[in-house]
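Chemist: Give the three-dimensional model of this entry:
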Amino acid sequence: MSLETLVAEISARGRAELESIEASRAAEAARIVADRDAQIAAIRAESDRLGEAEAARERAQRIAAAKLRARKLLYEAREARLERALEETRALLEKYTESDDYPATLERMYDAATRELGKSVRVRGRAADASRLAKVAGKSADPTPLPILGGLVAETPDGARRLNLSFDELLRLHEDRVRETLT
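Modeler: Modelled structure (predicted):
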C-alpha cells in the first residue's frame with residue numbers, strides 16, 4: 001500500500017464521515033424544525049381552544065346577567081302592579097265605609113267580637129264611625145278614634161285579649177290571598 005492510496009483512503013473516509021455528519025446534522029435540524037412547528041401548532045390550537053372557551057363563558061355570563069335583569073324588571077313591574085291594585089282595594093274599602101251596607105258590617109263585626117271575647121268588650125274604630133259604633137255597641141263603644149280605614153278593634157276590659165277587625169288588619173292578614181287573586 002502506498003502513501004497515496006493511504007491518503008486517498010483517509011480522505012475518502014473523512015469525506016464519508018463528513019457527509020454522514022452533514023446528513024445527521026441536516027436530519028437533526030429537520031427534526032428540530034418539525035418539533036418546533038408541531039409545538040407552535042399545538043400552542044396555537046390550545047390558544048384557539050382557550051379563546052373560544054373564554055368567549056363562550058363570557059357569552060354565557062352576559063346571557064345569564066341579561067336574563068336576571070329581565071326577571072328583575074318583570075318582578076318589579078308585577079310588584080308595582082300589585083301595589084297599585086292593593087291601593088285601589090284600600091280606596092274601595094274606604095268608599096265602602098260610606099255605603100249603606102257598612103253599618104250592617106259593623107254589627108256583624110261587633111257580634112263576632114262578642115262571641116270571641118265575651119259580652120263585655122271595649123270597641124274602638126274611626127272617628128267617623130263613633131256614632132255608628134255607639135248605636136251598635138252602646139256603652140262598650142270607646143270614643144277614642146283609631147287611624148284605620150274602617151271596621152273595629154275590640155278588646156276585653158282588662159286589655160288581656162284583643163280582636164282587630166279593622167279593614168287594614170284584615171287586608172294585611174289576607175294580603176297573600178289578595179295578591180294571588182290579583183295576579
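
Chemist: Neighbours of the closest residue to A141 other than its chain neighbours, how many?
Modeler: In space, and not counting its chain neighbours, A141 is closest to L133: 4.2 Å by Cβ to Cβ, 6 or more residues apart in numbering. Placement of C-beta: from N, CA and C, glycine included. Per other Cβ atoms under 10 Å, the neighbour tally for L133 reads 22.

Chemist: who's in contact with L133?
Modeler: By Cβ atoms under 8 Å, 6 or more residues apart in numbering, the contact list for L133 reads 106, 110, 123-125, 141, 152.

Chemist: per the record, what domains does the protein have?
Modeler: 1-96, 101-182 (automatic domain parsing).

Chemist: any idea which residue sits dead centre in the chain?
Modeler: In the chain, the C-alpha nearest the mean C-alpha coordinate belongs to K72, at 6.6 Å (Cα atoms, centre = their mean).

Chemist: pLDDT on the host helix or strand of it, on average?
Modeler: Here K72 sits within helix 3-96, counting by DSSP states H and E. Helix 3-96 shows a mean pLDDT of 90.

Chemist: deepest of the domains of the chain, which one?
Modeler: domain 101-182 (a mean of 16; mean count of other Cβ atoms under 10 Å).

Chemist: Next SSE downstream of whichever strand or helix holds K135?
Modeler: Taking DSSP H and E as the definition, K135 sits inside helix 130-137. Once the chain leaves helix 130-137, the next helix or strand it forms, by DSSP H and E, is strand 151-155.
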